[in-house]
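Student: What follows is a predicted protein model with its sequence.
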Amino acid sequence: MRKFLVVSLSALTLLSGQIAAHPQPQGKVIAANNLYPQIKMETNKGVIIVELNRVKAPIAVNNFINYVIRGEYNNTIFHRVIEDFVVQGGGYDSKHIPRKNGEEIYNESGNGLKNEVGTIAMARQNDPHSAIRQFYFNVSDNTSLDPGRNWGYTVFGSVTYGEEIILQMSAVETDFNEDLNLDDVPVEPLILIKATLMPEDYIHEG
């Protein structure tokens, strides 16, 4: 009995250590009781409403909301647009100047959410845990971005209004941009004028 108790306590200690070591959301937890916060994005092409999923992706959601409430996404551009793939933004202002980066966040791509058309996900570098502030909208079912034997890209919400706006964005003319030294940059800027965290009971009336 004593041997069994020692083993059980050791297992419990190990489990507690694993739980404590699991990455937690960074920064202030905003609207902590709202599991599905809504973000209103006012763009120069129209309004987009995104419902975030704090249940499946608490780290990415909290990270995104902190950038939103600080006004970090206001007057930024969607700088990477590939038809039938993604519309990406959040990293540069309208003058192509990089916005200040915060801390890298833990990859939550194994949360069960898929990179399906109409979802929002975190952009990153090759390092799976390198997402910071840039995000993208899926304009196709991008199964190649989902996890398999390797890490995928963290989906943390979906578009509930304005999906047609994103599809229009995905079809604009693009070219190489010397300022950014990037391909697939819209010739005519796609601007995220303002991003706002909406009240919990908000219902958009288009």
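Tutor: Everything's here; your move.

Student: Just the pLDDT for Ile48.
Tutor: Note on Ile48: pLDDT of 98.

Student: and what of Leu9?
Tutor: Predicted confidence (pLDDT) for Leu9: 42.

Student: same thing with Leu14?
Tutor: Per-residue pLDDT puts Leu14 at 40.

Student: do the same with Met41
Tutor: Reported pLDDT for Met41: 98.

Student: Point out where this protein drops to low pLDDT.
Tutor: Across the chain, the ranges flagged by pLDDT under 70 are 1-22.

Student: mind listing the helices in it by residue range?
Tutor: Here the chain has its helices, by DSSP state H, at 2-21, 58-69, 163-170.

Student: Tell me how far the nearest residue to Met41 once chain neighbours are set aside lies from Gln24.
Tutor: Closest residue to Met41 in three dimensions, ignoring its sequence neighbours and counting by Cβ to Cβ, 6 or more residues apart in numbering: Ile48, at 4.3 Å. For every residue, glycine as well, the C-beta is placed using N, CA and C. Ile48 is 29 Å from Gln24, where distance means Cβ to Cβ, to the nearest Å.

Student: Ok, Asp93 next?
Tutor: For Asp93 relative to Gln24 (Cβ to Cβ), the value is 30 Å.

Student: More neighbours: these two, which one.
Tutor: Asp93 (14 against 11; other Cβ atoms under 10 Å).

Student: residues in contact with the more buried one?
Tutor: 75-77, 99 (Cβ atoms under 8 Å, 6 or more residues apart in numbering).

Student: do you know how far it is from Gln38?
Tutor: When distance is defined by Cβ to Cβ, Asp93 is 24 Å away from Gln38.

Student: can you give me the end-to-end distance of stretch 43-54?
Tutor: Using Cα to Cα, to the nearest Å, the end-to-end distance of stretch 43-54 comes out at 24 Å.

Student: Off-centre distance for it?
Tutor: Offset of stretch 43-54 from its chain centre (Cα atoms, centre = their mean, to the nearest Å): 12 Å.

Student: now swap in stretch 64-76 and tell me
Tutor: Centroid separation for stretch 64-76 versus its chain: 12 Å, with Cα atoms, centre = their mean.

Student: got it, and stretch 166-181?
Tutor: Mean-position distance between stretch 166-181 and its chain equals 20 Å (Cα atoms, centre = their mean).

Student: Count residues in the vicinity of the residue nearest to Ile49 when sequence neighbours are not counted, would you?
Tutor: Leaving aside its chain neighbours, Ile49 sits nearest to Tyr161 (3.8 Å; criterion: Cβ to Cβ, 6+ apart). Counted with other Cβ under 10 Å, residues neighbouring Tyr161 total 19.

Student: My read is that Tyr161 contacts Ile203, right?
Tutor: No - using Cβ atoms under 8 Å, Tyr161 is not in contact with Ile203, being 10.0 Å away.

Student: Name the residues contacting each of those two.
Tutor: Between them, Tyr161 and Ile203 share no contacting residue, judged by Cβ under 8 Å, 6+ apart.

Student: if I look at the residue nearest to Ala123 when sequence neighbours are not counted, how far off is Ile193?
Tutor: Distances taken as Cβ to Cβ, 6+ apart place Gln134 nearest to Ala123, at 4.0 Å, with adjacent residues excluded. Using Cβ to Cβ, Gln134 is found at 18 Å from Ile193.
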